[in-house]
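A.B. asks: Need coordinates for the following:
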Amino acid sequence: MSSSDYESHFSLANIPFGIASSKKRPEPRCVTRLANQVIFLDSLALQEVFEEIPELPKGIFAEPTLNTFAALPRSVQQSVRHVIQHTLTDQTTEAAWRNHAEHAQDVVMHLPVSIGDFTDFSCSLNHVQKAGQIMAAQTSAPPSFYKFPMCYQGRASSIVVSGTPIERPVGHFWDSSERHTLTRDRSVVFGPSRKLDYEVEVAVIVGKPLPMGARLNATDADDHIFGFVLMNDWSARDIQGFEMMPLGPVNGKNFGTSISPWVVSLEALEPFRITAPITHSAVAAHMIDPTASTYSIILKVEIISTSKCTTTGLSNLNSLFWTVRQMLAHAVSAGAPLRTGDLLATGTISGVQKGTYGCLLEETEGGSMPIQLEDGTSRSFLEDGDAVRITAIAGGEGSGVGFGECTGDVLPACFYNKLHVNQ
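C.D. replies: This is a model prediction of the structure:
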């Protein structure tokens, strides 16, 4: 079921794209949304409203993913968006389009695209410094951070749409219950993570592909962006901390990544484009972007426990050190291709003080300073039964351009029921 709580996020100024099904329309199809009305575009297309766009392939909106549409030139996508806006505001066609719409509560949302590759970046200097201090007693960012947005390859097969429950992962980690002075003297445990966390992120969905070996300048990256979604890159901090040296995280990250179902276009976000902070020096030529810009997107993360909601962080996309353009340029700088549907995420978006962090690792100082929830309980990290909700609005309340929500409930670990200690 798609949430109807975010009606104001989906005004005529937005017109996002997604994939939905319903009892009336059981096969997943391309949709858009106006307020709480989800409009099935394949049905709308039968009214010949898109006939003025000859470049738009017939039957494209009957496909179960947005990949084919996302790969079209941005000019065609813009034309589709403009036709939809006109159709939804023309009094002579209002009765017709409502016949192709269903209430948001009556549809099921699916992953918007088929995702081939997933790369998670680390674009927030605030997060790198704070997390480094907590996890490695290192307050300064590594030298490479100032040359390019650092990243790792994630697991595309465990990316799920908002609302999908996330099972607590199992893995190897140091037994923190043992009070040894030196970490290396502790036992290594294999069992359910004790430090499950969320990460507030925004992700880019690639539209126009780029051939292998073609390369890309940051100034040209917008041509390859289909749109943006919210992301929660769930993280098991204890598993991550034990496994990540020297090759980076695996099981501490790959057990589940949630994204919001609605893809918000660059055109919808254009009124909220702002100049990016000038923070770089001596970067490679392909990373130079004289008109570097970002977007004012306010993100909120909440923990829901026993039906009571607690806001645990407010941050903004415009606080990032690196831009999404530079993310794309760096991702292909060694010659890798871009494929339609690829997902490239910003990494945790954090501010500089408590209440603006994008994860519990920072908000609780690594678990040493638990936060109080509205239901009277406290949290160092997520507990079974908790729900996490990330929402975002461009510009601020009343803008009419939002992302809806990205949610997930934490389920208990299963399969392994005993803790195994490696002697």
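A.B. asks: Give me the three-state assignment for the residue nearest to the spatial centre of the chain.
C.D. replies: Nearest to the mean C-alpha position of the chain, by C-alpha atoms, centre = their mean, lies M231 at 2.1 Å. Classification of M231 by DSSP: H, G, I helix; E, B strand; the rest coil places it in strand.
A.B. asks: T32 versus that one, what's the distance?
C.D. replies: Going from M231 to T32 by C-beta to C-beta, to the nearest Å gives 21 Å. For every residue, glycine as well, the C-beta is placed using N, CA and C.
A.B. asks: ditto for Q105
C.D. replies: 17 Å.
A.B. asks: now do A218
C.D. replies: Per C-beta to C-beta, A218 is found 30 Å from T32.
A.B. asks: Going along the chain, name the helices of the stretch 251-400 of the chain.
C.D. replies: Along the stretch 251-400 of the chain, counting by DSSP state H, counting those that start in this stretch, helices occupy 266-269, 324-331, 360-363.
A.B. asks: Export those helices as TSV, with columns for mean neighbour count, distance to D42 and mean pLDDT.
C.D. replies: Compiled in TSV, these are given as follows (neighbours: other C-beta atoms under 10 Å; distance: least, C-beta to C-beta, whole Å; pLDDT from 0 to 100):
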stretch	mean neighbour count	distance to D42	mean pLDDT
helix 266-269	20	22	98
helix 324-331	26	30	97
helix 360-363	26	42	97
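A.B. asks: Can you add distance to L41 and give those back as JSON lines?
C.D. replies: JSON lines is the format used below for the helices of the stretch 251-400 of the chain (distance: least, C-beta to C-beta, whole Å):
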{"stretch": "helix 266-269", "distance to L41": "16"}
{"stretch": "helix 324-331", "distance to L41": "26"}
{"stretch": "helix 360-363", "distance to L41": "39"}
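A.B. asks: And these: which comes nearest M135?
C.D. replies: Among those, helix 360-363 comes nearest to M135, with 7.5 Å by C-beta to C-beta.
A.B. asks: circling back to that earlier point, quick one, which of Q105 and T32 is more surrounded?
C.D. replies: Taking other C-beta atoms under 10 Å, Q105 and T32 do not tie; T32 has more neighbours (26 against 12).
A.B. asks: State the helix or strand in which the more buried one lies.
C.D. replies: Assessed by DSSP states H and E, T32 sits inside strand 29-34.
A.B. asks: Within its sheet, name the partner strands of the helix or strand following that strand and how each one runs.
C.D. replies: Downstream of strand 29-34, the first helix or strand assigned by DSSP H and E is strand 37-40. Its sheet considered, strand 37-40 pairs with strand 29-34 (antiparallel), strand 101-103 (antiparallel) by DSSP bridges.
A.B. asks: Format those strands as JSON lines; extra columns: mean pLDDT.
C.D. replies: Formatted as JSON lines, those follow (pLDDT from 0 to 100):
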{"stretch": "strand 29-34", "mean pLDDT": "98"}
{"stretch": "strand 101-103", "mean pLDDT": "97"}
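A.B. asks: Need the CA coordinates for the top helix by length along the chain. PDB is fine.
C.D. replies: What stands out as the longest helix in the chain, according to DSSP state H, is helix 74-89. Provided in PDB are the C-alpha atoms of helix 74-89 (Å, rounded to 0.1, in the frame of the first residue of the first chain):
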ATOM      1  CA  ARG A  74      15.700  14.000 -21.300                       C
ATOM      2  CA  SER A  75      13.800  16.200 -23.900                       C
ATOM      3  CA  VAL A  76      11.300  13.300 -24.400                       C
ATOM      4  CA  GLN A  77      10.900  12.800 -20.700                       C
ATOM      5  CA  GLN A  78      10.300  16.500 -20.300                       C
ATOM      6  CA  SER A  79       7.700  16.500 -23.000                       C
ATOM      7  CA  VAL A  80       5.900  13.600 -21.300                       C
ATOM      8  CA  ARG A  81       5.900  15.500 -18.000                       C
ATOM      9  CA  HIS A  82       4.500  18.600 -19.700                       C
ATOM     10  CA  VAL A  83       1.700  16.600 -21.400                       C
ATOM     11  CA  ILE A  84       0.800  15.100 -18.100                       C
ATOM     12  CA  GLN A  85       0.700  18.500 -16.400                       C
ATOM     13  CA  HIS A  86      -1.500  19.900 -19.100                       C
ATOM     14  CA  THR A  87      -3.800  16.800 -19.100                       C
ATOM     15  CA  LEU A  88      -4.300  17.000 -15.300                       C
ATOM     16  CA  THR A  89      -5.200  20.700 -15.400                       C
END
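A.B. asks: in that helix, what counts as buried?
C.D. replies: Neighbour counts over helix 74-89 (16 or more other C-beta atoms under 10 Å) mark 74, 76-77, 79-81, 83-85, 87-88 as buried.
A.B. asks: Likewise for stretch 111-127?
C.D. replies: Going by neighbour count (16+ other C-beta under 10 Å), the buried part of stretch 111-127 is 111-113, 115, 117-127.
A.B. asks: per-residue confidence for the residue lying closest to T311 once chain neighbours are set aside?
C.D. replies: What sits nearest to T311 in space, not counting adjacent residues and going by C-beta to C-beta, 6 or more residues apart in numbering, is E302, at 5.2 Å. pLDDT, E302: 98.
A.B. asks: what does A95 give?
C.D. replies: Listed pLDDT for A95 reads 72.
A.B. asks: do the same with the one 10 residues further on
C.D. replies: Per-residue confidence at Q105 stands at 96 (pLDDT).
A.B. asks: just H420 next, same as before
C.D. replies: H420 is assigned 55 on the pLDDT scale.
A.B. asks: Where does pLDDT dip in the stretch 201-350 of the chain?
C.D. replies: The model of the stretch 201-350 of the chain has pLDDT under 70 over residues 279-280.
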